[in-house]
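[1] Just to be clear, the model below is a prediction. Sequence and coordinates:
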Amino acid sequence: MYRITEKSPLAPNIFLLKIAAPAVAKKAAAGQFVILRLDEKGERIPLTLADWNRETGEVTVAFMQVGKTTRQLATFRVGDSIANFVGPLGKPTDIEKFGTVVCVAGGFAVATVVPIARAMKAAGNHVIALMGTRTKDLLFWEDRLAAVSDELIVTTDDGSNGRKGVVTVPLKEMLEKGNRVDRVVAVGPAIMMKFVAATTQPFNVKTIVSMNPIMVDGTGMCGACRCSVSGETRFACVDGPEFDGHQVDWDELFARQRAFVTEEKQSLEQWQRQMAEATAAQKTA
Ligand code: NAD
Ligand code: FES
């Protein structure tokens, strides 16, 4: 069992958890992820690592309440335990001295981008961080990202903080001005990563994206996370999660992400009914 040692809200519906998982903390690297299962009947969900502390043996993850499992996870408190917490999984981000690296974070994926930017900076790169959210209430960790970057640009879709618009707007401007960019690493919603890759392609800037397909076993056995990259089938859990964004078949990824929407909705509704019944039973007891 893996005990929750800290829980804090980061933004509406977005939480940070610290979990005691010394074996994961010992080997964790930027860009990797864990697969967790809340209890023995639970589904497995992947979460990318936001941080780790090899001394205390704690691992930090951030998640948004979206479906049944993430909503159930949001009900867990400090002291509660998660049944399974497997990792670190996947290949770490390729960290080298590339020159100027732009790290793009969409929404709560900023939690994943902070360790990547930190590692890129530690390798001697000039790091430009670009973070975007829909509105200012969803912004968090600007300070942490600023601390591991040389420049930080914040955008909000509605203009309530930083520049108005999506993250690809300043990225495109930077490239059109002829500013030197040797590599882009983008983590966020798939649609954002697709458009980041489309923005950099005409400028021939290598663009790494972190794929987030459905995962089950996380070991390359089940095929749930398969995606097409350069026309070949790759498994995000073992071959990725990071791939060359210019080579990803985005339409296939979107279709696979939507494959179980009906079942996910049914599972959430069933869990909400069970929660409501349990609450009603407690009130009448
Ligand atoms: P969101 O939908 O609010 O989008 C965040 C930002 O992405 C927007 O503010 C905008 O700047 C940019 N964006 C969105 N659509 C765009 C488009 N069409 N063109 C250009 N830019 C665009 O994000 P959210 O609701 O916070 O969700 C975060 C997403 O990140 C989730 O889908 C989650 O699964 C994903 N995520 C992925 C990883 C990973 O490792 N791949 C890790 C954490 C989170
Ligand atoms: Fe099963 Fe990747 S999650 S092969």
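    Okay, I see it. Residues are numbered from 1 along each chain as shown. Ligands and ions are numbered 1, 2, ... in the order given.

[2] For the stretch 51-200 of the chain, which residue gets nearest to ligand 1?
    Gly107 (1.8 Å; CB to the nearest ligand atom). Using the backbone N, CA and C atoms, a C-beta is placed for each residue, glycine as well.

[3] Would you agree that residue is in contact with Asp137?
    No: under the criterion of CB atoms under 8 Å, Gly107 makes no contact with Asp137, lying 11.8 Å away.

[4] who has more neighbours, those two?
    Comparing Gly107 with Asp137 by other CB atoms under 10 Å, the one with more neighbours is Gly107, at 20 against 12.

[5] element containing Lys121?
    If you go by DSSP states H and E, Lys121 is part of helix 110-122.

[6] got the contact list for that helix?
    Outside helix 110-122, the residues that touch it by CB atoms under 8 Å, 6 or more residues apart in numbering are 10, 16, 29-31, 48-51, 60-62, 93, 95, 98, 101, 103-105, 127, 129, 131, 140-141, 144-145, 148-150, 185, 187, 210.

[7] Report the angle between the host helix or strand of Ile153 and helix 110-122.
    Taking DSSP H and E as the criterion, Ile153 maps to strand 151-156. Strand 151-156 and helix 110-122 are oriented at 160 degrees to each other (axes from the mean of the first three to the mean of the last three CA atoms, to 10 degrees).

[8] Write out the residues of this protein neighbouring ligand 2.
    Proximity of the chain to ligand 2, by CB under 6 Å from any ligand atom, involves residues Met215, Val216, Asp217, Gly218, Gly220, Met221, Cys222, Gly223, Ala224, Cys225, Phe235, Cys237.

[9] about what we covered before: out of the contacts of helix 110-122, which are buried?
    Buried subset of those (neighbour count, 16 or more other CB atoms under 10 Å): 10, 16, 29-31, 48-51, 60-62, 93, 95, 98, 101, 103-105, 127, 129, 131, 140-141, 144-145, 148-149, 185, 187, 210.

[10] restrict the residues you listed to those near ligand 1?
    Restricting those to those touching ligand 1 (CB under 6 Å from any ligand atom) yields Thr48, Val187, Ser210.

[11] which parts of this structure sit against ligand 1?
    Contact residues, the chain versus ligand 1 (CB under 6 Å from any ligand atom): 48, 106-109, 112, 132-134, 155, 157, 166-168, 187-189, 191-192, 195, 210, 212, 241.

[12] Restricted to strands, list these.
    Mapping those onto strands (DSSP state E) picks out Thr48, Gly106, Gly132, Thr133, Thr155, Val187, Ser210.

[13] Could you find the lowest-pLDDT member of those?
    Lowest model confidence among those falls on Thr48, which carries 91.

[14] so what's that one up against?
    By CB under 8 Å, 6+ apart, the contact set of Thr48 is Gly31, Gln32, Phe33, Val61, Ala109, Ala111, Thr112, Val187, Ser210, Asn212, Pro241.

[15] for Ala236, same thing?
    Ala236 is in contact with Gly90, Met211, Asn212, Pro213, Met215, Cys225, Arg226, Cys227, Phe243, counting by CB under 8 Å, 6+ apart.

[16] Chain neighbours aside, what residue packs nearest to the fourth one?
    Using CB to CB, 6 or more residues apart in numbering and skipping residues adjacent in sequence, the residue nearest Pro213 is Cys225, 4.6 Å away.

[17] Report the contact partners of that neighbour.
    Cys225 neighbours (CB under 8 Å, 6+ apart): Met211, Pro213, Ile214, Met215, Val216, Gly218, Phe235, Ala236, Cys237, Gly240.

[18] Same check on Thr156?
    Neighbouring residues of Thr156 by CB under 8 Å, 6+ apart: Gly132, Thr133, Arg134, Thr135, Lys136, Leu139, Gly162, Arg163, Lys164.

[19] What is the burial count for Lys265?
    Residues near Lys265, counting by other CB under 10 Å, number 12.
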